[in-house]
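Enquirer: Here is the input, now give the coordinates:
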Amino acid sequence: NNKNWALMIPLIKGHSLYRTSPLVDSYWLSQSFSGALSLYSLAQTINSAVISVLDKFVVVMYLPKIAVLAKDKNITEIKIIYKALTLKILFFSIVFLVFMLFIEVHWHDIISYGLEISKENSRILWLVIISFICVLFSSLVGTIINNIFYAFGDTKTPVKIGVYGFLFSVPLRGLGFIYGGMVGLAVMNSVYYLGNLSALHIKLKQKLK
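Expert: Numbers count the residues shown, from 1 in each chain. All right, here's what the predicted structure looks like:
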């Protein structure tokens with residue numbers, strides 16, 4: 001029990017900090033045009049829905065296998081699964097991006113079918129969703145990396161990287177909003193997620209040597 005709590009405490013602390021992340025975005029969006037926060041939240045909801053679907057169909061089924069392989073110290077097989085899943089997630093991320101680019105000309109008609117939204121706002125919504133593409137990719141690959149660390153009983157490394165990345169992202173997102181508005185904020189969120197993923201990937205490579 002003490003060992004389990006020792007593993008859980010970093011996750012609880014990290015999760016408490018990450019929950020303040022929406023407040024950073026909300027602060028900047030409150031200084032934008034009326035309805036900006038709702039528009040941004042809608043883009044996040046669409047992005048989260050795609051992540052949730054891909055997580056269930058691509059990632060989740062392999063997590064128990066990773067846990068077993070880690071217990072058996074089968075590093076080679078873990079590397080193979082990690083590489084295969086990363087390529088698969090990259091493929092689906094590109095497919096989603098191409099799909100969004102393909103429907104650009106019909107986007108306003110599609111989104112305004114169920115929502116009362118101006119053409120200008122629907123364009124901003126489309127750009128924000130496009131800007132979230134690295135969030136989509138990084139979230140899914142990050143889930144795999146985090147679970148590999150957890151399978152080896154290491155919860156501190158992902159939390160440390162996450163905390164440092166979050167603290168760095170606060171001024172970064174501020175600059176993104178100041179110079180690029182809502183789209184700039186979304187781009188900097190993607191940069192933050194991709195940077196966090198890169199740091200996790202480097203640490204994972206060191207661990208799996």
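
Enquirer: Low-confidence ranges, this protein, go.
Expert: Within the chain, the segments meeting pLDDT under 70 span 1-14, 16-18.

Enquirer: What distance do you get for the most centrally placed residue in the chain to residue 101?
Expert: By C-alpha atoms, centre = their mean, the mean C-alpha position of the chain lies nearest to residue 139, the distance being 3.1 Å. Distance, residue 139 to residue 101, by C-beta to C-beta, to the nearest Å: 21 Å. Quick note: C-beta positions are derived from backbone N, CA and C, even for glycine.

Enquirer: need the contact list for the residue nearest to the centre of the chain.
Expert: Going by C-beta atoms under 8 Å, 6 or more residues apart in numbering, residue 139 touches 51, 193.

Enquirer: Which helix or strand contains it?
Expert: Here residue 139, judged by DSSP states H and E, is contained in helix 133-151.

Enquirer: and the lengthiest helix in the chain, what does it pack onto?
Expert: Criterion DSSP state H: the longest helix present in the chain is helix 156-207. Under the contact criterion of 3 or more C-beta pairs under 8 Å, 6 or more residues apart in numbering; DSSP states H and E, helix 156-207 touches helix 2-18, helix 21-29, helix 36-54, helix 119-131, helix 133-151.

Enquirer: just so I know, which of those lies nearest residue 86?
Expert: helix 133-151 (5.4 Å; C-beta to C-beta).

Enquirer: what distance separates the closest one from the middle of the whole chain?
Expert: 8 Å (C-alpha atoms, centre = their mean, to the nearest Å).

Enquirer: what is the orientation angle of it with helix 119-131?
Expert: 40 degrees (axes from the mean of the first three to the mean of the last three C-alpha atoms, to 10 degrees).

Enquirer: Could you check how far residue 141 is from residue 107?
Expert: Remark: distance between residue 141 and residue 107 (C-beta to C-beta) = 27 Å.

Enquirer: out of those two, which sits in the more crowded spot?
Expert: Shown here are residue 141 and residue 107; by other C-beta atoms under 10 Å, residue 141 has more neighbours (23 against 17).

Enquirer: Residue 89 is in contact with that one, correct?
Expert: Yes. Judged on C-beta atoms under 8 Å, residue 141 makes contact with residue 89 at a distance of 5.6 Å.

Enquirer: tally of neighbours for residue 163?
Expert: Residues near residue 163, counting by other C-beta under 10 Å, number 15.
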